[in-house]
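K.L.:
Test case, fold it:
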Amino acid sequence: MAVGRLYQLKWLVIKLPITLLAVAVMAWLWTAWLPLPPSHLTLSSGLAEGIYHAHARRYEEIFARSGVTLQVVPSEGTGQNLERLAGRAAPQADLAFVQGGAGDPNRTTRLLTIARVDVEPLWIFSRVAGLDSPQQLQGLRVSLGPAGSGTRQVGLALLDQVRLSAKDIVDSQLAGPAAVQALASGALDVVMMVSAPDSPVVRALMETPGVQLAQLRRSGALLERMPYLEARLLPQGAMGSRNNLPARDTTVLATSASLVARDDLHPALQRLAARAAQEIHARPALFRQAGEFPTLKRIEFPASDAARRTLAHGLPWFEAYLPFWWGQVLLRLLVVCLPVALLALWLGRIVPAYLRWLLESRVARWYGELKYIEHDLERETMTGLDLAKYGARLDSIEGRMKEVVTPPYLMPRWFLLRKHVEFVRAGLHRQRGR
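P.N.:
Numbers count the residues shown, from 1 in each chain. Below you'll find the predicted structure:
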């Protein structure tokens, strides 16, 4: 009988295969269903002299504390960042800062918003006194920023609101310190830039003699047609009380900056990025209150579920109280290895127990059959045909017993059954001798 042989070899043919299968399932689930996050990723920041490149360096430090290498790569602006996120420009980026209104959420479907992290005013610095309308830019030497930058896209959209285009101005792509120098020397009339107020370039332009910060009229109408913009008040003296910069309260148009990720970025790294955003951007500043950022309100790309939970409830306990990589390993031990190990342990016990039950039920069945024969032999009258029939049944029981590979634990009951068979056979012989 194969059941007895299987039970005897249960460690080799049952428990070992179950163990190997469990290890294979764990490995497959670990690598395919719940893989560990990569230890290296890339963040495309912005201009090397810009504030968001400085922010990116802080992200690099926070990621390094968790054992993750974050490579910060400067870029020409939002346009190039989006190209890198989409994999159409080298180096390919996993994270990037994206300016509000610069991307097309319907076209770029592979992106997720980690958080909106800051307000970015649209600064319009001019050497032309009284500049208060985009219409007045016609014919002037205007810097809209480099091609592909978020500043340029917003600037062109602003010109489009008054039926102008880059052809109607003397277009320049100067940016950063070069734009400051050109405006100071008179080589430019107007410089537009979207940047944080603590940017060194903004500070330099604010302090440049002969340069004024323009305030646009009818900004409410512009906000209706450009919903990614909002109006923010820049109070008098907010940029430098010693020099009273600006000289009067000024309403500036502002867009937002968001930290955006590819949708295939590992959820653990999305949570880590959201936590870093809270550490870097939650403090108050000129155009934001404490706790206003990071946020997922008024975003252009779909929100990351992992980032949303992190911003609302904090990191999961296994990441909040353990080092990042220890937390990732513990999660997989609990979610992958523990259930599979328990299932393998259960199978390793239930299959041998079932085989043991089959063996014991077979012996019990033989005992029942033997008891039935013994009961019939107690009758006073029994024909020769009956005796022959019962003799054949006893032979059948002995034949089946010989076919069974009996485990050691069952040997006492097996030998006892043999004795009982011999005892019943002796009774059968006595019946024949009557």
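K.L.:
contacting residues around residue 407?
P.N.:
Applying Cβ atoms under 8 Å, 6 or more residues apart in numbering to residue 407 gives the contacts 4, 7-8, 356, 359. Quick note: C-beta positions are derived from backbone N, CA and C, even for glycine.
K.L.:
Could I get these in CSV, plus columns for secondary structure and pLDDT?
P.N.:
What follows is these, written out as CSV (DSSP: H, G, I helix; E, B strand; the rest coil; pLDDT from 0 to 100):
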residue, secondary structure, pLDDT
4, helix, 68
7, helix, 72
8, helix, 77
356, helix, 82
359, helix, 79
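K.L.:
Scan those residues and report the most crowded one.
P.N.:
residue 7 (24 neighbours; other Cβ atoms under 10 Å).
K.L.:
quick one, what contacts that residue?
P.N.:
By Cβ under 8 Å, 6+ apart, the residues touching residue 7 are 352, 355-356, 359, 407.
K.L.:
Adding distance to residue 147, write the residues you listed out as TSV.
P.N.:
Formatted as TSV, these follow (distance: Cβ to Cβ, whole Å):
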residue	distance to residue 147
352	72
355	75
356	78
359	82
407	82
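K.L.:
Could you single out the nearest of the contacts of residue 407 to residue 288?
P.N.:
Among the contacts of residue 407, residue 356 lies closest to residue 288 (Cβ to Cβ), at 71.0 Å.
K.L.:
Okay, that closest one and residue 13: tell me how far apart.
P.N.:
15 Å (Cβ to Cβ, to the nearest Å).
K.L.:
got it, and residue 30?
P.N.:
Distance, residue 30 to residue 13, by Cβ to Cβ: 27 Å.
K.L.:
Please identify which of those two sits among more neighbours.
P.N.:
Higher neighbour count among residue 30 and residue 13: residue 30, with 18 against 14, using other Cβ under 10 Å.
K.L.:
My guess is the more buried one contacts residue 329. True?
P.N.:
No. Using Cβ atoms under 8 Å, residue 30 is not in contact with residue 329; the gap is 9.9 Å.
K.L.:
what do those two both touch?
P.N.:
Common neighbours of residue 30 and residue 329 (Cβ under 8 Å, 6+ apart) are residue 36.
K.L.:
Contacts only, for residue 140.
P.N.:
Residue 140 sits in contact with 128, 169-170, 189-190, where contact means Cβ under 8 Å, 6+ apart.
K.L.:
Then residue 263?
P.N.:
Applying Cβ under 8 Å, 6+ apart, the residues near residue 263 are 110-112.
K.L.:
for residue 139, same thing?
P.N.:
168-170.
K.L.:
that older thread, what's the PyMOL line that selects buried ones from the contacts of residue 263?
P.N.:
Buried members of the contacts of residue 263, defined by 16 or more other Cβ atoms under 10 Å, are picked up in PyMOL with:
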select buried, resi 111+112
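K.L.:
Could you report the neighbour count for residue 229?
P.N.:
23.
K.L.:
pretty sure it is in contact with residue 255, am I right?
P.N.:
Yes. Contact criterion Cβ under 8 Å: residue 229 and residue 255 qualify, at 5.6 Å.
K.L.:
coming back round to it: list just the nearest of the contacts of residue 263 to residue 100.
P.N.:
residue 111 (13.5 Å).
K.L.:
Please report how far the residue lying closest to the closest one once chain neighbours are set aside lies from residue 256.
P.N.:
Nearest non-adjacent residue to residue 111, counting by Cβ to Cβ, 6 or more residues apart in numbering: residue 301, 4.7 Å away. Distance, residue 301 to residue 256, by Cβ to Cβ: 12 Å.
K.L.:
for the nearest residue to residue 256 once chain neighbours are set aside, what are its contacts?
P.N.:
Spatial nearest neighbour of residue 256, chain neighbours left out: residue 100 (4.1 Å); criterion: Cβ to Cβ, 6+ apart. Counting by Cβ under 8 Å, 6+ apart, residue 100 touches 116, 120, 228-229, 255-258, 298, 300.
K.L.:
buried sites along stretch 351-364?
P.N.:
For stretch 351-364, by 16+ other Cβ under 10 Å, it's 351-352, 355-356, 359, 362-363.
K.L.:
can you check stretch 73-85 too?
P.N.:
For stretch 73-85, using 16+ other Cβ under 10 Å, the buried residues are 73, 75-85.
K.L.:
now do stretch 391-400
P.N.:
So stretch 391-400, judged by 16+ other Cβ under 10 Å, has buried residues 393-394, 397.
K.L.:
With stretch 221-239 instead?
P.N.:
For stretch 221-239, a neighbour-count test (16+ other Cβ under 10 Å) marks 222, 226, 228-230, 232, 234, 238-239 as buried.
K.L.:
Helix or strand next in line after the host helix or strand of residue 319, which one?
P.N.:
Secondary-structure element containing residue 319, defined by DSSP states H and E: helix 317-320. Using DSSP H and E, the helix or strand that follows helix 317-320 in sequence is helix 324-332.
K.L.:
Could you list the residues in contact with that next one?
P.N.:
30, 34, 36-37, 66-68, 268, 272, 316, 318-319, 321-322.
K.L.:
thinking again about what came up before, do I have it right that the residue nearest to residue 111 meets residue 113?
P.N.:
Yes. Contact status for residue 301 versus residue 113: in contact at 4.6 Å, counting by Cβ under 8 Å.
K.L.:
For the residue nearest the centre of the chain, which non-adjacent residue is spatially closest?
P.N.:
Central residue of the chain (Cα atoms, centre = their mean): residue 267, 1.1 Å from the mean position. Leaving aside its chain neighbours, residue 267 sits nearest to residue 306 (4.1 Å; criterion: Cβ to Cβ, 6+ apart).
K.L.:
isn't there a helix covering that neighbour?
P.N.:
Yes. Per DSSP: H, G, I helix; E, B strand; the rest coil, residue 306 lies within a helix segment.
K.L.:
ok, it - how many residues close by?
P.N.:
22.
K.L.:
check contacts around it.
P.N.:
Residues near residue 306 by Cβ under 8 Å, 6+ apart: 267-268, 270-271, 274.
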